[in-house]
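S.K.: quick one: sequence and predicted model below, then my questions.
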Amino acid sequence: MKRGPRAPVILTACADCGVGTLTLGEYYMVKDAVWVQAWAGRRKPWHELPGQQVLCIGCLEERLGRTLMACDFTDAPVNDPAQENISQRMRDRLTAKQVAIDGESIFDLLAARMIENLPPDQREALWLSWERYRDGPKLVE
Ligand SMILES: [Zn+2]
């Protein structure tokens, strides 16, 4: 029996928004722990088929509740920030040294949480010294 032509298999569509991740320039590999967290409680049987566990950067970040940073990615060649044809946000994440949550730096959020627990008369002084530290010269860049 002769078989008809097979339907094309789409291997790069984002599982959440459907965008073509290859076209978008967001073909990457993150470390297992990041991927496990992104897919926790969401895997359906069809996700085991090839190409069904693909996410664009935006949808992966949406699932994680934070932006990605350099250490989230493996050292696979597809993660080289110097390569051409990758999206600007992927290039940003591949080189980012910290994450953001709702547009805020994680360090600012943590500092704010600690400062909120101080007696009110100490908060402003500590916040100012935090900002001085944060915006000041760094020993390691
Ligand atoms: Zn998406």
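M.R.: Received, thanks.
S.K.: next structured bit after the lowest-mean-pLDDT helix or strand in the chain?
M.R.: Lowest on mean pLDDT, DSSP states H and E among the helices and strands of the chain sits strand 104-105, with a mean of 88. For strand 104-105, the succeeding helix or strand toward the C-terminus, using DSSP states H and E, is helix 106-116.
S.K.: quick one: contacts of the very next helix or strand once past that following helix?
M.R.: With elements assigned by DSSP H and E, the helix or strand that comes after helix 106-116 is helix 120-135. Outside of helix 120-135, the residues within contact range by C-beta atoms under 8 Å, 6 or more residues apart in numbering are 107-108, 111-112, 115-116, 118. No exception for glycine: its C-beta is placed from N, CA and C like everyone else's.
S.K.: likewise for stretch 39-56?
M.R.: 9-17, 19, 21, 24, 26, 35, 38, 63.
S.K.: repeat the analysis, applying 7 Å as the threshold.
M.R.: 9-17, 19, 21, 24, 26, 38 (C-beta atoms under 7 Å, 6 or more residues apart in numbering).
S.K.: switch those residues over to a markdown table; also include secondary structure.
M.R.: Shown next, in a markdown table, are the contacts of stretch 39-56 (DSSP: H, G, I helix; E, B strand; the rest coil):
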| residue | secondary structure |
| --- | --- |
| Val9 | coil |
| Ile10 | coil |
| Leu11 | coil |
| Thr12 | coil |
| Ala13 | strand |
| Cys14 | coil |
| Ala15 | coil |
| Asp16 | coil |
| Cys17 | coil |
| Val19 | coil |
| Thr21 | helix |
| Leu24 | helix |
| Glu26 | coil |
| Ala38 | helix |
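S.K.: got those residues as TSV, with distance to the ion columns?
M.R.: Converted to TSV, the contacts of stretch 39-56 look like this (distance: C-beta to the ion, whole Å):
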residue	distance to the ion
Val9	19
Ile10	14
Leu11	15
Thr12	11
Ala13	9
Cys14	3
Ala15	8
Asp16	5
Cys17	3
Val19	5
Thr21	7
Leu24	9
Glu26	8
Ala38	11
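S.K.: got a PyMOL select line for the buried ones in those?
M.R.: With 16 or more other C-beta atoms under 10 Å as the criterion, this PyMOL line picks the buried residues out of these:
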select buried, resi 13+14+15+16+19+21+24+26+38
